[in-house]
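Student: Kindly generate the corresponding structure for this input.
(chains A and B)
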Amino acid sequence: MFNYVPSKENYSFFSDSNYLVESDKDNISSLPANLWYLIDKVEVYVNGSVEIIGGRFNKPSEPNVSKHVGEYVDGSATIEFREKKGDPILQYEGVLSNGDVVNYESSNALRFGYGNLNTGTNFDTYDKSSAVNKWLARSWIDGGAEELLFLVESKQMIDDVASHYSLPVPYDSNLATVLNNDLQSIRLRSVDLNHAGEGNWVAIVIASIVFEDNVATKFRLYKTSRWND
Amino acid sequence: MAYGFEAKNDSGNVIINDTIENLHFVGKATRGSNNSSYGDFPGYGGSNDSLDGRVIHYYTITCTGTPVAFIKPTDYSRWHGIIKQSVSGTTWSFDVIVSGTSASNPPEIYCFVNADDVPNTSETHGMIVFKSDGTTKTFDSRVQPLAITGGANAVAPSDPTNSSGLPGTSTGHSWNYSSNDHDFRCTNRYNEYTDSNINTSNTMFSCPSLAQAVYKRQQHGYKESCGFLGCCCQDHHSTAAWWVMYRSAFRLRTNKFDAGWAVYAAGYSFSSNFESGGWFGGGGGSYSTGSMPYTAKTINLQSNAYIIADSSRYD
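Tutor: All right, here's what the predicted structure looks like:
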């Protein structure tokens, strides 16, 4: 699936012929040691097309070790994430192949939702669409673009945000149907964001606005897929 | 004592003689800076967030000898205690804890030293009692000897928190569960001692703040997520912990001496591990406002003597 990621043959996607099969469950030790299997596939949509593809990869022999790797489909860059302490929730950074580093900062809303933390801000100094109820995080490249990520709660919310920033909606027609009928299926994960208890966790579907020189230039939607989607 | 002066009270106890060194007023300590905090758990915004708060006022006085300090509250509704007394040269420092977060209405600290350590006075009339060496004073009526108006023994209750019992640790919560269910405030936890000599106008007291307590509530959460065919199942653990360190503190009410607690420090820590980081998935998150000073326990809890006096004698 990857075209530009270094050692791309070491990553197995759901549809690849070397992906896991039923019998592998009993023969984990026989699986190729260098092969990383896709667990969560992430596609970042902009203006109806995929801009970035990647995901979380694991090995059955080391289930608590993950790699998060991706590439811009136009070949302009690849990205790999690595641990970075500092933020209470988002403790990683993305390293682009050109050397740029994508930093992350969780919002007050995300921190409160995760762990009743009352630190952080909700980025009120930015031009924020009032259609959004929860701004979740900010990413930035030093001297480069910034990105405000928010919780998607409906297709209508996405349409309203696009209108606010005068940007094209990020989804295509297929995703529009998903957003209308099965929004939670493209969730990154579920979190008890409203402290409502088990059974009432919130499906975290992410979209973002990219700012360059304080001007909104791009509207992204993060679609996560799993092996059985 | 072949010669000399000896005074006894109605109970026959010696009050003044040539061996008992009486305390005399040397002055009020000067208040400097203060530090106010802990009206709630730092960094936490959920249920049972409130704490009682505390202000630590810093005082100094320069004198020879070792001063005995009395706290004269300005706001008698608040809890007070001297949590630290130290010296550098002849300058003594006192850290005084007061409940609440407002630094207004700080208490006054009256200091007393042995008669021989009180600076000479120009007063020409009075009575001085010397030791047998003929030069060391044990009493000097010219420099305001300490008159104790009451006293007894007092001890704070062993459990400092409004919610009774040790809060403890619980497991089996959902991932990221972090809702404090223990009331860590301490204003309702005290032992009261009746003393008819106490008023809320002039009474000051001296009592060491020795007892310390640390209480902690901890919650562990968990979930599991798996990929294809149960592949690569990952454990997601979370831990939320609230802790408070208390120092014993005291309050004066009309005819009552209360021994209780004041919050000294507090913290909230939260950690949550998910899939190792990336794509906004979150890393092995952790957050903490500070390390606990001790493991959860109460120490130095014992009955302490307190004495009271009328501050207006020294104003």
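
Student: max-length helix in chain A?
Tutor: Longest among the helix segments of chain A by residue count, using DSSP state H, is helix A:155-165.

Student: What mean pLDDT does that helix get?
Tutor: Averaged across helix A:155-165, the pLDDT comes to 98.

Student: pLDDT on the helix or strand just after that helix, on average?
Tutor: The C-terminal neighbour of helix A:155-165 among helices and strands, as given by DSSP states H and E, is helix A:173-181. Averaging pLDDT along helix A:173-181 yields 97.

Student: List the buried residues in helix A:173-181.
Tutor: Applying a neighbour-count criterion of 16 or more other CB atoms under 10 Å in any protein chain shown, the buried positions in helix A:173-181 are A:Leu175, A:Val178, A:Leu179. In this view, the C-beta of every residue, glycine as well, is placed from N, C-alpha and C.

Student: What ranges in chain A fall below the confidence cut-off?
Tutor: In the prediction, chain A carries no residues with pLDDT under 70.

Student: In it, mark out all the strands, start to finish.
Tutor: All strands of chain A, identified by DSSP state E, fall at A:11-12, A:36-46, A:49-59, A:62-72, A:78-83, A:92-96, A:101-106, A:135-141, A:146-151, A:189-191, A:202-204, A:206-212, A:215-226.

Student: so does the fourth one get close to chain B?
Tutor: Spelled out, that is strand A:62-72. Yes. Remark: strand A:62-72 sits within contact range of chain B at A:Pro63, A:Asn64, A:Val65, A:Ser66, A:Lys67, A:His68, A:Val69, A:Gly70, by CB under 8 Å from any CB of the partner chain.

Student: Output stretch B:20-35 as CSV, nothing but the C-alphas.
Tutor: Output in CSV follows, covering the C-alpha atoms of stretch B:20-35 (Å, rounded to 0.1, in the frame of the first residue of the first chain):
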residue,chain,number,x,y,z
ILE,B,20,12.9,29.0,87.2
GLU,B,21,13.5,31.1,84.2
ASN,B,22,10.3,33.0,83.4
LEU,B,23,9.4,34.0,79.9
HIS,B,24,9.2,37.7,79.0
PHE,B,25,7.8,39.5,76.0
VAL,B,26,10.5,40.4,73.5
GLY,B,27,8.3,41.7,70.7
LYS,B,28,6.1,40.8,67.8
ALA,B,29,7.6,39.0,64.9
THR,B,30,7.7,40.9,61.6
ARG,B,31,5.6,39.5,58.8
GLY,B,32,7.2,39.1,55.4
SER,B,33,5.9,37.3,52.3
ASN,B,34,3.3,34.6,52.1
ASN,B,35,2.4,31.7,50.0
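
Student: one step back: so the longest helix of chain A versus strand A:146-151, what angle?
Tutor: 150 degrees (axes from the mean of the first three to the mean of the last three CA atoms, to 10 degrees).

Student: Okay, buried residues for helix A:155-165 please.
Tutor: By neighbour count with 16+ other CB under 10 Å, helix A:155-165 contains the buried residues A:Lys155, A:Met157, A:Ile158, A:Val161, A:Ala162, A:His164, A:Tyr165.

Student: The second one and chain B, how far apart?
Tutor: Read that as A:Met157. Taken as CB to the nearest CB, to the nearest Å, the spacing of A:Met157 relative to chain B amounts to 18 Å.

Student: same question, A:Leu188
Tutor: In this structure, A:Leu188 and chain B are separated by 6 Å, where distance is defined by CB to the nearest CB.

Student: three-state assignment of B:Arg247?
Tutor: Following DSSP: H, G, I helix; E, B strand; the rest coil, the label given to B:Arg247 is strand.

Student: Report how many residues lie close to the residue lying closest to it once chain neighbours are set aside.
Tutor: Taking CB to CB, 6 or more residues apart in numbering or on different chains, and ignoring the residues beside it in sequence, B:Arg247 has B:Tyr264 as its nearest neighbour in space, at 4.7 Å. For B:Tyr264, the number of neighbouring residues by other CB atoms under 10 Å in any protein chain shown comes to 23.

Student: ok so B:Tyr264 is a helix residue?
Tutor: No. With three-state DSSP as the criterion, B:Tyr264 is strand rather than part of a helix.

Student: picking up where we left off before, out of the residues of strand A:62-72 next to chain B, which comes closest to A:Glu43?
Tutor: Proximity of the residues of strand A:62-72 next to chain B to A:Glu43, judged by CB to CB, is greatest for A:Gly70, which lies at 9.2 Å.

Student: beta partners for the closest one?
Tutor: In this structure, A:Gly70 has beta-bridge partners A:Gly54, A:Ile79, where bridges are defined by DSSP bridges.

Student: Could you double-check that it sits in contact with A:Glu51?
Tutor: No. Under the contact definition of CB atoms under 8 Å, A:Gly70 does not touch A:Glu51, with a separation of 10.1 Å.

Student: what about these two, which has more around it?
Tutor: Each of A:Gly70 and A:Glu51 had its neighbours counted (other CB under 10 Å), and the higher figure belongs to A:Gly70 (25 against 17).

Student: Enumerate every residue touching that one.
Tutor: A:Gly70 makes contacts with A:Val5, A:Val42, A:Ile52, A:Ile53, A:Gly54, A:Gly55, A:Thr78, A:Ile79, A:Glu80, B:Trp279, as judged by CB atoms under 8 Å, 6 or more residues apart in numbering or on different chains.

Student: cool, and B:Tyr58?
Tutor: Applying CB under 8 Å, 6+ apart, we find B:Tyr58 in contact with B:Arg31, B:Gly32, B:Ser33, B:Asn34, B:Asn35, B:Ser93, B:Phe94, B:Asp95, B:Val96.

Student: measure it to B:Phe70 for me?
Tutor: For B:Tyr58, the distance to B:Phe70 under the criterion CB to CB, to the nearest Å works out to 17 Å.

Student: Kindly report the same for B:Gly45.
Tutor: Computed as CB to CB, the B:Gly45 to B:Phe70 distance reads 40 Å.

Student: So for those two, which sits in the more crowded spot?
Tutor: B:Phe70 (26 against 17).

Student: Serialize the contacts of A:Gly70 to CSV and add fields for distance to B:Tyr246 and neighbour count.
Tutor: Conversion of these to CSV gives the following (distance: CB to CB, whole Å; neighbours: other CB atoms under 10 Å in any protein chain shown):
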residue, distance to B:Tyr246, neighbour count
A:Val5, 55, 19
A:Val42, 48, 23
A:Ile52, 52, 21
A:Ile53, 55, 19
A:Gly54, 50, 28
A:Gly55, 50, 28
A:Thr78, 54, 21
A:Ile79, 49, 21
A:Glu80, 48, 17
B:Trp279, 44, 25
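
Student: Tell me what B:Ser248 is bridged to.
Tutor: Counting by DSSP bridges, B:Ser248 is bridged to B:Trp261.

Student: For it, the count of nearby residues, please.
Tutor: As a burial measure, B:Ser248 scores 29 neighbours (other CB under 10 Å).

Student: And B:Thr194, by the same measure?
Tutor: Using other CB under 10 Å, B:Thr194 has 9 neighbouring residues.

Student: Pairing partners for it in the sheet, please.
Tutor: Per DSSP bridges, residues listed as beta-bridge partners of B:Thr194: B:Lys256.

Student: Could you pull up the contacting residues of it?
Tutor: B:Thr194 is in contact with B:Asn255, B:Lys256, B:Phe257, counting by CB under 8 Å, 6+ apart.

Student: Can you redo the residues you listed as a markdown table, where the extra columns are distance to B:Cys226?
Tutor: A markdown table is the format used below for the contacts of B:Thr194 (distance: CB to CB, whole Å):
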| residue | distance to B:Cys226 |
| --- | --- |
| B:Asn255 | 67 |
| B:Lys256 | 62 |
| B:Phe257 | 62 |
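
Student: any idea how far the closest residue to B:Gly230 other than its chain neighbours lies from A:Asp40?
Tutor: In space, B:Gly230 comes closest to A:Lys25 once its chain neighbours are excluded; the distance is 7.0 Å by CB to CB, 6+ apart. The gap separating A:Lys25 from A:Asp40 is 19 Å, by CB to CB.
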